[in-house]
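Student: model this:
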Amino acid sequence: MPPRISVVIPTYNRAELLRRTLDSLTDQTLPPDDYEVVVADDGSHDHTTTVVQAFQNRLHLHYHHQPDQGRRVAHARNAGARLATAPILAFLDSGTLAGPDFTRAHTRAHTDTGHPVLNLGYTHGYRPWDPTPGLAEAIATHTPTKVHRRFKDDPGFRDIRHQPLSEVDFQPDRLAFPWLYAWGLNLSLRKTDFDTAGGFDERFLGWGTEDIELGYRLHRHGLATHFDHAAWAVEPPHDRDTGEMLASAKRTMRQFLDQTHEPDVELLWAALERDDPLIAEAEHRTLTRWTEHARTLDVRAEIEHHTADATGPVCVLGCGDEIPDTLPEGSVLIDFDAELLEKANGGHARHHAIGLQIPLPDKSVERVVVTSRLNGMWHSWGDVITAEARRVGREVPRTPPNLLLNIM
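Tutor: Numbers count the residues shown, from 1 in each chain. Next up, the predicted model:
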């Protein structure tokens, strides 16, 4: 009989942290024959292979090693998934300690529901910027179960995602961005769903974003997102360059935006640039309300006024669906309302976006017209939109209507 679940663990030069992770997987309430472990090595040069060999008789264990060509965790996870033989894939980071019900809970999440889900396991102690005091010392001498029992009531032991998810009773799909919480250190899904989505995008190099990008695609494919307290794990504090982590996350988030230019991703990118990705949720609510309010806002006269003397292509932010026939050839239309953008007349290039990051090169159009359809986003993002307009266009006429309308 094949195993019921495969646990895929990417690793790189973390032999002793990996040892702890593998040891935690030997103490599962799910019978040993019901799960397997795949270590996906991203080119380690330490004694990782020796650690793996030490567990060959204690776990149903597979090992994949790929050349060290930089941080390729997406590539490693995909390679591990290809070696997996179970119908369910669980991803666990090297160093993260699985609770005793880890494999059982993740398996149950995909057998007790009648529809595909992305199951996100609760990860105690994952607080890179605010490590739990005393946790590292406790983990050195106690099992994950004892550590969990000791710290479970300590707010500093909570998963860093706890607060925003508690506000929606730990039901991520009540949020606009459930995929923002899809972190590869502890999650699971059916292998068929993973394969259908194409796995992790191997174009992502460096730390961050490859997991939430997969979550985004799975969400778009219709997978529900669950947050599972029973599938808990513990993340031990260890040395991290948190400054480089944040810088890398911003680089890879920009890559995500360039590959998937949609308002949701644009908002999350802009929020991360402000070092506060969680504000994206509230900003999305603002955008949703404003989109409905502005549905009938006709900006044709504004566009005509600002483009009447244009001799070259222009970019219109907030174009709506009524476009003047006089708009110069080669112009670009941008709007956050996908329905109106699709209806917009004329054969101009168009992008579904807000304008926080305009998908055009520097100085690529004669001017950028910012219409009053951007009023509702101006209070939070007017400075960002203005900077982008000046980057892309040689002229940036201002829109006459009051840009600080308070309609919320």
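Student: mind giving me the domain split of this structure?
Tutor: By the assignment in automatic domain parsing, the chain contains the domains 5-240, 296-395.
Student: what is the mean pLDDT for the last one?
Tutor: To tie it back to what came earlier, the one meant is domain 296-395. Domain 296-395 shows a mean pLDDT of 93.
Student: What about the residue lying closest to Glu235 once chain neighbours are set aside, how many residues nearby?
Tutor: Once flanking residues are discounted, Glu235 sits nearest to Tyr126: 4.0 Å by C-beta to C-beta, 6 or more residues apart in numbering. Quick note: C-beta positions are derived from backbone N, CA and C, even for glycine. A count of nearby residues for Tyr126, using other C-beta atoms under 10 Å, gives 24.
Student: can you pull the contacts of Tyr126?
Tutor: Thr96, Asp159, Ile160, Trp183, Leu185, Glu235 (C-beta atoms under 8 Å, 6 or more residues apart in numbering).
Student: most surrounded residue in those?
Tutor: Thr96 (25 neighbours).
Student: That one and His124: what is the separation?
Tutor: Distance of Thr96 to His124, given as C-beta to C-beta, to the nearest Å: 10 Å.
Student: neighbouring strands for the helix or strand in which Tyr63 is found, and are they parallel or not?
Tutor: Here Tyr63, judged by DSSP states H and E, is contained in strand 61-65. Under the criterion DSSP bridges, strand 61-65 sits next to strand 35-41 (parallel) in its sheet.
Student: Please compute how far the partner strand lies from its chain's middle.
Tutor: Here strand 35-41 is found 24 Å from its chain centre; the criterion is C-alpha atoms, centre = their mean, to the nearest Å.
Student: So for it, mean pLDDT?
Tutor: 97.
Student: Also stretch 155-172?
Tutor: The average pLDDT within stretch 155-172 is 94.
Student: and the lengthiest strand in the chain, which strands flank it?
Tutor: Identified as the longest strand of the chain according to DSSP state E is strand 224-234. Sheet partners assigned to strand 224-234 using DSSP bridges are listed as strand 97-98 (antiparallel), strand 117-124 (parallel).
Student: Following the chain past that strand, name the next helix or strand.
Tutor: Downstream of strand 224-234, the next assigned helix or strand under DSSP H and E is helix 242-259.
Student: helices or strands next to that following helix in the packing?
Tutor: Contact partners of helix 242-259 among helices and strands, from 3 or more C-beta pairs under 8 Å, 6 or more residues apart in numbering; DSSP states H and E: helix 210-220, helix 263-273.
Student: Now render the ones you listed as TSV, adding distance to Thr113 and mean pLDDT.
Tutor: What follows is the helices and strands packed on helix 242-259, written out as TSV (distance: least, C-beta to C-beta, whole Å; pLDDT from 0 to 100):
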stretch	distance to Thr113	mean pLDDT
helix 210-220	15	96
helix 263-273	25	95
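Student: surely His124 meets Gly156?
Tutor: No - here His124 lies out of contact with Gly156, judged by C-beta atoms under 8 Å, at a distance of 10.0 Å.
Student: higher neighbour count, the two?
Tutor: Between His124 and Gly156, His124 has the larger neighbour count (other C-beta under 10 Å), namely 25 against 14.
Student: which residues touch that one?
Tutor: Neighbour list for His124: His148, Phe151, Lys152, Phe157, Arg158, Asp159, Trp232, Ala233, Val234, Glu235 [criterion: C-beta under 8 Å, 6+ apart].
Student: make it 6 Å
Tutor: His124 sits next to Phe157, Val234 when contact means C-beta atoms under 6 Å, 6 or more residues apart in numbering.
Student: confidence score at it?
Tutor: On the pLDDT scale, His124 is placed at 95.
Student: Remind me which helix or strand the most far-flung residue of the chain relative to its centre belongs to.
Tutor: Most distant from the centre of the chain: Asp309, at 43.1 Å, with distances by C-alpha atoms, centre = their mean. For Asp309, there is no enclosing helix or strand under DSSP H and E.
Student: three-state assignment of the closest residue to Tyr216 other than its chain neighbours?
Tutor: Nearest-residue entry for Tyr216: Trp179, 4.4 Å, with adjacent residues in sequence omitted and distances by C-beta to C-beta, 6+ apart. Using DSSP: H, G, I helix; E, B strand; the rest coil, the three-state assignment for Trp179 comes out as helix.
Student: does Trp179 really touch Gly215, like I thought?
Tutor: Yes - with contact defined as C-beta atoms under 6 Å, Trp179 counts as touching Gly215 (3.3 Å).
Student: Return the distance of the nearest residue to Val396 once chain neighbours are set aside relative to Gly318.
Tutor: Setting aside the residues directly before and after it, Val396 is nearest to Ala389 in space (C-beta to C-beta, 6+ apart), at 4.7 Å. According to C-beta to C-beta, Ala389 stands 11 Å off from Gly318.
Student: So these two - more neighbours on which side?
Tutor: Under the criterion of other C-beta under 10 Å, the comparison of Ala389 against Gly318 puts Gly318 first, with 28 against 23.
Student: Just want the phi and psi numbers for the nearest residue in space to the more buried one that is not next to it in sequence.
Tutor: Of all residues not flanking Gly318 in the chain, Arg373 sits nearest, at 3.1 Å (C-beta to C-beta, 6+ apart). Main-chain torsions, Arg373, degrees, to the nearest 10: phi -70, psi -10.
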